[in-house]
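Enquirer: below are the sequence and a predicted model; questions follow.
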Amino acid sequence: MKKKTMQSNNLTKAVKFTPTLMIVGIITYLAFSLVMTSLQSFTALTSSLILFLFGINSIVIGTALTGIFSMPVEVAPLCVGDLEIAVLVGAIAATEDRTHRERLLGIISGIAFVLFLNPIRIAMTIAAGVWWGFQTMDFIHSILFRITLVTVIIGFYVLWYLGWPSIKRKLKKH
C-alpha cells in the first residue's frame, strides 16, 4: 500500500512540475526576448574580453565580433543562453520541495551561471577557429553548443537541487 501512495505522490508532483516548468519557462523566454539585443551585445563584449585573454584581438560592433576573420562573427539570439535560462528558471520554479527563498537564489545563481558560461563557450569556439581553422570552429560550435545546452541545464539543476541542502547544512554548522 505504501508503494502505491508513493507512486501516486510522484505522479502528482510530475503533473504539477511539468506545466509550471512550461509556463514559467515561456514567460522567462518572452521576458528575455524583450532585452535580447542588449544581451547579445553584452555576450559579444564579454566574449571579446575573453578572446583578448587568449591573445586574440577583436572589435565589437553591436552584436558582432569583427577583426578576427574575413567576416564578422554574429552573436545570435540563441548564443546568449536564453533557452537554457528559460528551462532552468522553469525547472527551479517548479521544484515545490524547496522554499521560495531557495528557488529565488537558485534562479538568480542559475541565470548568472549561464550568462558567465556562454561567453566562455563562444570565445573558446572562436579561438578554435583562429588556431585550427574555420571548419574546426564550425564542428566545435555544433558539438559544444549542443553539449553545453544540455549539460548546463541538467548539471546546474542537479547541483542546485542536490547540493543546496548540503551547503545549507554546512553553513548552519559554522
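Expert: Sure thing, it's come through.

Enquirer: in the longest helix anywhere in the chain, what's buried?
Expert: In the chain, with assignment by DSSP state H, the single longest helix is helix 134-173. Under the neighbour-count criterion of 16 or more other CB atoms under 10 Å, helix 134-173 has 137, 140-141, 144, 148-149, 152-153, 156-157, 160-161, 164 buried. (Glycine included, C-beta is placed from N, CA and C.)

Enquirer: which of the residues you listed lies closest to residue 95?
Expert: Distance to residue 95, by CB to CB, is smallest for residue 161 among these, at 6.6 Å.

Enquirer: so the closest one sits right up against residue 95, yeah?
Expert: Yes: counting by CB atoms under 8 Å, a contact exists between residue 161 and residue 95, whose distance comes to 6.6 Å.

Enquirer: how far does stretch 67-76 sit from its chain's centre?
Expert: Using CA atoms, centre = their mean, to the nearest Å, the mean C-alpha position of stretch 67-76 is found 22 Å from that of the whole chain.

Enquirer: any weak-confidence spans in the chain?
Expert: 1-8, 10, 164-174 (pLDDT under 70).

Enquirer: quick one: residues contacting the residue sitting nearest the centre point of the chain.
Expert: With distances taken as CA atoms, centre = their mean, residue 114 lies nearest the centre of the chain, 3.3 Å away. Residue 114 makes contacts with 81, 84-85, 88, 152, 156, as judged by CB atoms under 8 Å, 6 or more residues apart in numbering.

Enquirer: how close does residue 163 sit to residue 117?
Expert: Counting by CB to CB, to the nearest Å, the gap from residue 163 to residue 117 is 17 Å.
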